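> I would like the atomic coordinates for the input below:
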Amino acid sequence: MKVALVCACVAMVSATVYFKEDFSAGWEDRWVVSEWKDKAEIGKWETTPGKFYGDENNNALKTTEDARFYGLSAKMGALFNNKDKDMILQYTVKNEQDIDCGGAYIKLMPSGLDQKTFGGDSEYGVMFGPDVCGTTRRTHVILTYDKKEGKATNYLHNGDVKVETDKFTHLYTLVIKKDNTYEVQIDGEKVEGGDLADKFDFLHAKKINDPKESKPADWVDEQKIPDPAEKKPEGYDDIPKQIPDPEAAKPDDWDDEDDGEWEAPQIDNPEFKGDWNPTQIDNPAYKGEWEHPQIDNPEYFDDANLHNFCKECEYVGFELWQVKAGTLFDNIIVTDSYDEAKANADESFYKHKDAEKKHADDQEAEEKKKADAAAEAAKAEEDAKKGDDKGDDDDEDDDEKPKEEL
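Alright, predicted model coming up:
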């Protein structure tokens, strides 16, 4: 039987697991459902192994009602401050509903959260995971950072991160390292990563345009100019765009008194050349594109602790909107050790991955077999009915024949 761990525990030297959840028995006692929306707008959760699975005893948390908000959170065993530590947030997501619009991301929230009112406006340190709606399909990586201006801001990753939208379980892993780099993995494969400062607009620019400088009034940045030696040909503008059709003739039955004076229909003039434009030549006064001189930005500062997005993270939660329900969440882990996260994935996701695929294939084959059998039975029934109808027609023909022909 699986045992969920919702406490901070030392798994190996200098490695700490702050939160671990597999939604086994008693999960309701560990999670608080939010009431931040009207009751009719809040969707219900259930635990289930899903329509197909690798282990029928392995339950996951599933959204069950369409067009609903979903919110619930759990308290970690201890405050997580990832200063000078790596931070790994990992979980699995499975969309059984052929998802068309819905979030499936997870959040880490600071201490002081009111779990009963946890919602879209609640403060968070990290938001990570799939978000699909129409043509928007990406894995969110949103990190909260304070530029020392007294206001924490949520910063979105520059550029969309790959996402999986098929019906199988996928492992999502976010690694934020103490060297101010990050990595996003799906099913153990890196799909995004690099320096945090390069992929998020956390810091002010190192250089800015010198506010004391502006483009000189006599700066010439027109690369081409009309050839001053060219002149518009005399009479060019006198050529009409259309002329009467020279091949047209007044109809024989045209009566000038009754029909008015006859006019030939207009056609495009083959002599018309359109608006006159002189030839463009290189501008001898062209100086090139003006570049604004730059200076050091006085507001710029570097941050050796840029990675410290969790100064006091204490809660894990889901705050979602789904048009079509049917997403399963499982195998959550928050830790400062990639080895711990990998070990958790080995014992859950990787252990059952192939079996889940086989179960799905077996189900598909069985459903196809049933569909083929049903189609065959329907065809046989239709053929039999056609045979009966033909027999009835033959009987009617016999009834209509004269007796001497029978």
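
> and Gly71, what helix or strand is that in?
Assigning secondary structure by DSSP states H and E places Gly71 in strand 68-80.

> continuing past that strand, what's the next helix or strand?
Downstream of strand 68-80, the next assigned helix or strand under DSSP H and E is strand 87-95.

> That next one versus strand 68-80: what angle between them?
160 degrees (axes from the mean of the first three to the mean of the last three CA atoms, to 10 degrees).

> Pull the residues that contact whatever helix or strand comes next after strand 87-95.
Once the chain leaves strand 87-95, the next helix or strand it forms, by DSSP H and E, is strand 101-103. For strand 101-103, the external contacting residues (CB atoms under 8 Å, 6 or more residues apart in numbering) are 63, 129-134, 140, 320-325, 327. Where C-beta positions appear, they are placed from N, C-alpha and C, glycine not excepted.

> one step back: point out the other helices and strands that the strand holding Gly71 packs with.
strand 15-21, strand 31-33, strand 313-322 (3 or more CB pairs under 8 Å, 6 or more residues apart in numbering; DSSP states H and E).

> so how far is the shortest one off the chain centroid?
If I follow you right, that is strand 31-33. Remark: strand 31-33 is offset 27 Å from the chain centroid, using CA atoms, centre = their mean, to the nearest Å.

> first vs last residue of stretch 118-134, how far apart are they?
Separation of the first and last residues of stretch 118-134 by CA to CA, to the nearest Å is 27 Å.

> for that stretch, which positions count as buried?
118, 122, 124-132 (16 or more other CB atoms under 10 Å).

> could you give me the average pLDDT of that stretch?
Averaging pLDDT along stretch 118-134 yields 95.

> what do you get for stretch 340-359?
pLDDT averaged over stretch 340-359 gives 96.

> Could I get the contacting residues of the spatially most central residue of the chain?
Centroid check for the chain by CA atoms, centre = their mean gives Arg137 as the closest residue, at 1.8 Å. Neighbouring residues of Arg137 by CB under 8 Å, 6+ apart: 131, 160, 163, 165.

> Thr47 and Thr63, how far apart?
12 Å (CB to CB, to the nearest Å).

> And for Arg138?
According to CB to CB, Arg138 stands 19 Å off from Thr63.

> The two - which one has more neighbours?
Thr63 (25 against 16; other CB atoms under 10 Å).

> For the stretch 101-250 of the chain, which segments count as strands?
101-103, 106-110, 126-133, 136-146, 152-156, 169-176, 181-186, 189-195, 207-209, 224-226, 242-244 (DSSP state E, counting those that start in this stretch).

> Would you tell me which of those strands gets closest to Ala285?
strand 224-226 (8.3 Å; CB to CB).

> Can you name the two of the buried residues of stretch 118-134 that sit furthest apart?
Pairwise across the buried residues of stretch 118-134, and taking CB to CB, the largest span is found between Gly125 and Val132, at 23.5 Å.

> Kindly present the strands of the stretch 101-250 of the chain as a markdown table, with separate columns for distance to Pro284.
Formatted as a markdown table, these follow (distance: least, CB to CB, whole Å):
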| stretch | distance to Pro284 |
| --- | --- |
| strand 101-103 | 59 |
| strand 106-110 | 62 |
| strand 126-133 | 55 |
| strand 136-146 | 50 |
| strand 152-156 | 48 |
| strand 169-176 | 56 |
| strand 181-186 | 51 |
| strand 189-195 | 46 |
| strand 207-209 | 29 |
| strand 224-226 | 8 |
| strand 242-244 | 41 |
